[in-house]
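**Q** With the sequence up front, the predicted model follows.
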Amino acid sequence: MQNIVISIQGRRPLTGDVTVAGAKNAALPDLAAVCLSGEAIEFSNVPQVEDIKVMFAALREIGALGEMRGDLIRVAIPEIRSDEVSQGIVRTTRASILLLGPMLARHGRAKVTLPGGCAIGERKIDFHLQGLQRMGAEIRSEREFLEARCRRLRGIEYSFPARTVTGTENLLMAAVLAEGTTVLHNCALEPEVEDLVVLLRDMGADIAGASDGTWIIRGRTALHGARHRVIPDRIEAGTYLMAGCLAGNEIHVQGVVPEHLGSLLDVLGAMGAAVSVFPQALHVRGGAALAAADLVTAPFPGFPTDLQAQATALLTQAEGVSRVRETIFNDRFHHVRELRRLGADIVVKGDTAVVRGRSPLRGATLRTTDLRASAALVLGALAAEGETVIENSYQLFRGYENLPEKLQKLGADITIRRE
Ligand code: EPZ
């Protein structure tokens, strides 16, 4: 795999506007939903990131016709021509598992690679499989493959033992074409799940739901085409907001749904950050003295695990002791070792990182292991004196559209090298 190396000269003041792209974690299940109909779906505001290219390639493998042009994708799968989503294509993403439910629902067969994604700890899929099996699928796992088949799936009542984002999405997509009614309890409430529900309804699915995490889905025999605008990426927005807290004169993060970022805004408020909320934008003025704060990751509307690494980087510049507790993934503190190389004072005890601030950071050579950890290192580098080199930055491009260009436009001194 290509090594992408990012170099950042820190302590350059950031100023100006940055517009966030569509949400990667909404666009992935939205694209998987294309499998549910033979008609075309037109997407706008699709982020131009590696994970989406991988998903699009996976759709093409199974028979999709269509094109990506900038943030637009028009795609249809008139006929599912292959049961198999090959390993090479989906090794690094969750694309494969998201295709399992919809392929079974429409085609009755699927062979997918056991999912990859970030190195952030155990990422189980037992609830996905349990739900699909109860709906009538036979699933066999063979080394890195899952092979599943079914006649028409049937509706069930299922309560997720714990909230899972892609698990909820998978069973929703399976249920919309199942025979009879499916009732799913304890579903994930993330905005990305809501975005998928909006698309499925526009495709003709009958989904009734409540904000308490129960969806009632009456299966249809077919769905039709639709047009869909992907919601803005709250994680990208949150990352730029924190960049503004660290290095900003004044940054305007545009194209945001502020309600999607309530828990982050609460933490930034507790830290004393100067953030103003507008209907579709968040403005931050850097330079405010930041105070320590505690946070605990939790399913939406709790603090997103996908912003934990970036928040940890930010807290190194806050006065006092902060505690960051990670409750979603069991190994998501890889960024801590690297932030310490920059001079951060962070100790991990079990599921909690204890951050003592404020530490003067100095540039260093870092290596990153996952997408959000990479973003955290970029934030650390922006706040550090001198040059930071981040190796293995490929990860960043899986989920952040044009990050170096967007930061450059704000005034950062950042270059990338492909080896
Ligand atoms: C989604 O992953 C996101 N990925 C992740 O984003 C995000 O970190 C995560 O949700 C949590 O918000 C996509 O949407 C493509 P989960 P997912 O199933 O669905 C356990 C990023 O950086 N669990 O909600 O894989 C699991 O082990 C990425 O963009 C089971 O036990 O996460 C974990 O501890 C990384 N059994 C917890 O639930 C299951 O069957 C939450 O996982 C499923 C999950």
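**A** Nice, I can see it.

**Q** Residue numbers of the stretch 251-400 of the chain in contact with the ligand?
**A** Contact residues of the stretch 251-400 of the chain with respect to the ligand, defined by CB under 6 Å from any ligand atom, are listed as 305-306, 328-329, 371-372, 399. C-betas here are computed from N, CA, C, even on glycine.

**Q** Spatially, which two of these are the most separated?
**A** When those are compared pair by pair using CB to CB, the farthest-apart members prove to be 328 and 399, with a separation of 16.5 Å.

**Q** Those two: which has the busier surroundings?
**A** A side-by-side neighbour count of residue 328 and residue 399, using other CB atoms under 10 Å, places residue 399 first with 28 against 22.

**Q** Residue 35 versus residue 193, what's the distance?
**A** Applying CB to CB, to the nearest Å, the value for residue 193 to residue 35 is 18 Å.

**Q** Kindly report the same for residue 190.
**A** For residue 190, the distance to residue 35 (CB to CB) stands at 21 Å.

**Q** Same check on residue 152?
**A** Counting by CB to CB, the gap from residue 152 to residue 35 is 15 Å.

**Q** quick one, which of the two is more surrounded?
**A** Neighbours per residue (other CB under 10 Å) separate residue 152 from residue 35, with residue 35 holding more: 26 against 15.

**Q** part of a strand, is that one?
**A** No - note on residue 35: no strand contains this position according to DSSP: H, G, I helix; E, B strand; the rest coil, which reports helix.

**Q** just checking, next helix/strand downstream of the lowest-mean-pLDDT helix or strand in the chain?
**A** Of the helices and strands making up the chain, the lowest-confidence element is helix 87-90, at a mean of 62, by mean pLDDT, DSSP states H and E. Counting by DSSP states H and E, the next helix or strand C-terminal to helix 87-90 is helix 95-107.

**Q** which strands and helices sit next to the helix or strand that that following helix is followed by?
**A** For helix 95-107, the following helix or strand on the C-terminal side (DSSP H and E) is strand 109-113. Other helices and strands packing on strand 109-113, by 3 or more CB pairs under 8 Å, 6 or more residues apart in numbering; DSSP states H and E, are helix 87-90, helix 95-107, strand 145-149.

**Q** one more time with 10 Å
**A** Under the contact criterion of 3 or more CB pairs under 10 Å, 6 or more residues apart in numbering; DSSP states H and E, the helices and strands touching strand 109-113 comprise helix 87-90, helix 95-107, strand 138-142, strand 145-149.

**Q** Okay, angle between the helix or strand just after it and strand 138-142 too, please.
**A** Following the chain from strand 109-113 toward its C-terminal end, the next helix or strand by DSSP H and E is helix 126-134. Computed by axes from the mean of the first three to the mean of the last three CA atoms, to 10 degrees, the angle separating helix 126-134 from strand 138-142 equals 140 degrees.

**Q** can you tell me if helix 126-134 touches the ligand.
**A** Yes - Helix 126-134 is in contact with the ligand by CB under 6 Å from any ligand atom, via 126-128.

**Q** can these go into JSON lines with extra columns for pLDDT and distance to residue 161?
**A** Converted to JSON lines, the residues of helix 126-134 next to the ligand look like this (pLDDT from 0 to 100; distance: CB to CB, whole Å):
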{"residue": "126", "pLDDT": "93", "distance to residue 161": "9"}
{"residue": "127", "pLDDT": "97", "distance to residue 161": "6"}
{"residue": "128", "pLDDT": "96", "distance to residue 161": "12"}
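
**Q** quick check, nearest of the residues you listed to the ligand?
**A** Using CB to the nearest ligand atom, residue 127 is the member of the residues of helix 126-134 next to the ligand that sits closest to the ligand, with 3.3 Å.

**Q** Pull the number of nearby residues for the closest one.
**A** By other CB under 10 Å, 21 other residues sit near residue 127.

**Q** Just to check, it is in contact with residue 163?
**A** Yes - taking contacts as CB atoms under 10 Å, residue 127 lies within contact range of residue 163: 9.4 Å.

**Q** Need the residues touching each of those two.
**A** Shared contacts of residue 127 and residue 163, defined by CB atoms under 10 Å, 6 or more residues apart in numbering, comprise residue 186.

**Q** For the stretch 51-200 of the chain, which residues score under the pLDDT cut-off?
**A** Of all residues in the stretch 51-200 of the chain, those with pLDDT under 70 make up the ranges 87-92, 115-122.

**Q** Show me which residues of the stretch 101-250 of the chain are close to the ligand?
**A** For the stretch 101-250 of the chain, the residues found near the ligand under the criterion CB under 6 Å from any ligand atom are 117-118, 122-128, 162, 164-167, 188, 192.
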